[in-house]
Structure formats: structure tokens, C-alpha cells
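Asker: generate coordinates for the sequence data below:
(chains A and B)
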Amino acid sequence: NAGVMQNPRHLVRRRGQEARLRCSPMKGHSHVYWYRQLPEEGLKFMVYLQKENIIDESGMPKERFSAEFPKEGPSILRIQQVVRGDSAAYFCASSPNFSGNTIYFGEGSWLTVV
Amino acid sequence: AQKVTQAQTEISVVEKEDVTLDCVYETRDTTYYLFWYKQPPSGELVFLIRRNSFDEQNEISGRYSWNFQKSTSSFNFTITASQVVDSAVYFCALSEGGETSGSRLTFGEGTQLTVNP
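Answerer: Below you'll find the predicted structure:
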């Protein structure tokens, strides 16, 4: 998991606030993935992005969640009007530009909604 | 649709015992990739191994070994002479590749391994 940088590591938000999680992929990686791990559960795919494009967002909740990976800068996972059920660990991962590669994970961002 | 099943939710062993973590997968693709990741108590995800569907050779890395059997759609992971530091949640995962899925992973639910001194 060397090189995938996520911040913040821990984030506390009150219900109704916005949460922004950032991810810088490994050098040379142009594919970014976001996964969510709810308490005591496995990891679930949320969204797959390449630079300036959302390739697959089939795992994203329909409302309040959005993701982007701009031409410059990190990928951002944005959660608007957070609710207690959004409390989870959010992992970002990156891979090089073809399928089947190993994807490397960041250390995760733990969101707590109070 | 792909699916990964880790039937063992929790395993508890005593140090120095060998332990095998089971993983069964489902996919309709002929080309796919299998992974194991370790999640220690600190929470990060540590990559352990990647195996493609055309390579059924078993692999050994130190105390770790993996047994890939396409006939039973299984990719089991064995830790020999377990140590307390092996205590973690272990995830098996599957990637089918393809343009719209990239290296997207489908994870099993994980197996919590506890190694007691």
C-alpha cells in the first residue's frame, strides 16, 4: 500500500455537515477506486475513476455521495448532509492503466458522524 | 456476476499451529485475478498476493502459501507456524478486469484470525 495517500485519516462530522475525503494515487497510476467498509463488514466497491472521468459508479449511493478525479490534484469523495449510517472507513486504491493489475490501498479515512 | 465467499468468519488458533483460510469464488469470465489482503488491527489493507486465472501453480512465500484450484473455484491461504502478529482480518478478492471495471475488486466478507500465545 505504499504511496497511496489519503487524508484525513480520521474525520468527525455532525449530522447534516459535509465530509470531503481526499486521495492521491501512487505515482504513475491513473486509475482510482473508492471502497467503503462499514463496521464489522467487508469492503464494498463504490466508484472507479480515471482522470476527469467516472468509469463505474454502480456502488455509489444514489444521493448525497459524489466523487471526482480532476486533471490536477487528488481524487475527492464528497458526502453531503452526512447521517450516522455514513460512519465507516473509506479506502482509496489505485492501479496502473490496464485491468487485472494489483491495486494498492491507502491507509483509509475513518469517518465518524455524531 | 462475481462473488467471493469466505465461509469462516472467525478462526482462533494457538501460536505455532498451522491455519488455512478458505476462499471460494464465482465468475463467468475465463480471465480473472485473485487476491489476498491482510487488515491488521491498525486498519490498513496490506496486499499479500495476486494470481491470474491461467496460473494454477501454488505459491509459497515464507510462512505463507496459497493453493489455487480452478476445478473447485478455490484460492485457499495457509499460514504455517502461526504467530501472534498474524492476528488480523484476511480478505480474499476477485477482479474480472475489462474496460469498465478496470481492476475493480469484489471482496469476501473476511476471516478474523486470532493467534493466541
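Asker: hmm, the helix or strand of chain B with the lowest mean pLDDT touching chain A?
Answerer: Least confident helix or strand of chain B, by mean pLDDT, DSSP states H and E, is strand B:59-61 with a mean of 88. No: against chain A, strand B:59-61 shows no contacts by C-beta under 8 Å from any C-beta of the partner chain, the least distance being 14.1 Å. In this view, the C-beta of every residue, glycine as well, is placed from N, C-alpha and C.
Asker: can you check stretch B:80-89 too?
Answerer: No: applying C-beta under 8 Å from any C-beta, one finds stretch B:80-89 separated from chain A by no less than 8.7 Å.
Asker: mind listing residues that contact the least confident helix or strand of chain B?
Answerer: B:49, B:51, B:65-66 (C-beta atoms under 8 Å, 6 or more residues apart in numbering or on different chains).
Asker: now, the most widely separated pair of those?
Answerer: B:R51 and B:S65 (12.1 Å; C-beta to C-beta).
Asker: per-residue confidence at B:K70?
Answerer: Listed pLDDT for B:K70 reads 93.
Asker: show me where the chain has strands.
Answerer: I'll assume chain A. Under the criterion DSSP state E, chain A contains strands at A:5-7, A:10-13, A:19-24, A:31-37, A:43-50, A:53-56, A:65-68, A:75-79, A:88-95, A:104-105, A:109-113.
Asker: meant chain B actually
Answerer: With DSSP E as the criterion, chain B has strands spanning B:3-5, B:10-14, B:19-21, B:24-26, B:33-39, B:46-52, B:59-61, B:64-69, B:74-79, B:88-95, B:106-107, B:111-116.
Asker: mean pLDDT lowest where, among those strands?
Answerer: strand B:59-61 (a mean of 88).
Asker: show me the contacts for A:F91.
Answerer: So, once contact is read as C-beta under 8 Å, 6+ apart, A:F91 ends up touching A:6, A:34-37, A:43, A:105-106, A:108-109, B:45.
Asker: same thing with A:V82?
Answerer: A:13-19, A:64, A:111, A:113.
Asker: same list, those residues, but as a markdown table with pLDDT please.
Answerer: Listed next are those as a markdown table, based on pLDDT from 0 to 100:
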| residue | pLDDT |
| --- | --- |
| A:R13 | 98 |
| A:R14 | 97 |
| A:R15 | 97 |
| A:G16 | 97 |
| A:Q17 | 98 |
| A:E18 | 98 |
| A:A19 | 98 |
| A:R64 | 97 |
| A:L111 | 97 |
| A:V113 | 97 |
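Asker: farthest-separated two in the residues you listed?
Answerer: Among those, A:R14 and A:R64 lie farthest apart (C-beta to C-beta), at 14.9 Å.
Asker: neighbour count for the two, which is higher?
Answerer: A:R64 (15 against 8; other C-beta atoms under 10 Å in any protein chain shown).
Asker: what residue, apart from its backbone neighbours, is nearest the more buried one spatially?
Answerer: In space, and not counting its chain neighbours, A:R64 is closest to A:Q80: 4.7 Å by C-beta to C-beta, 6 or more residues apart in numbering or on different chains.
Asker: show me the beta-bridge partners of residue 12.
Answerer: You didn't say which chain, so I picked chain A. A:T112 (DSSP bridges).
Asker: my question was about chain B, not that one.
Answerer: Applying DSSP bridges, one finds that B:S12 bridges with B:T114.
Asker: what about it, distance to A:Y33?
Answerer: 32 Å (C-beta to C-beta, to the nearest Å).
Asker: higher neighbour count, the two?
Answerer: The residue with more neighbours, out of B:S12 and A:Y33, is A:Y33; 28 against 12, by other C-beta under 10 Å.
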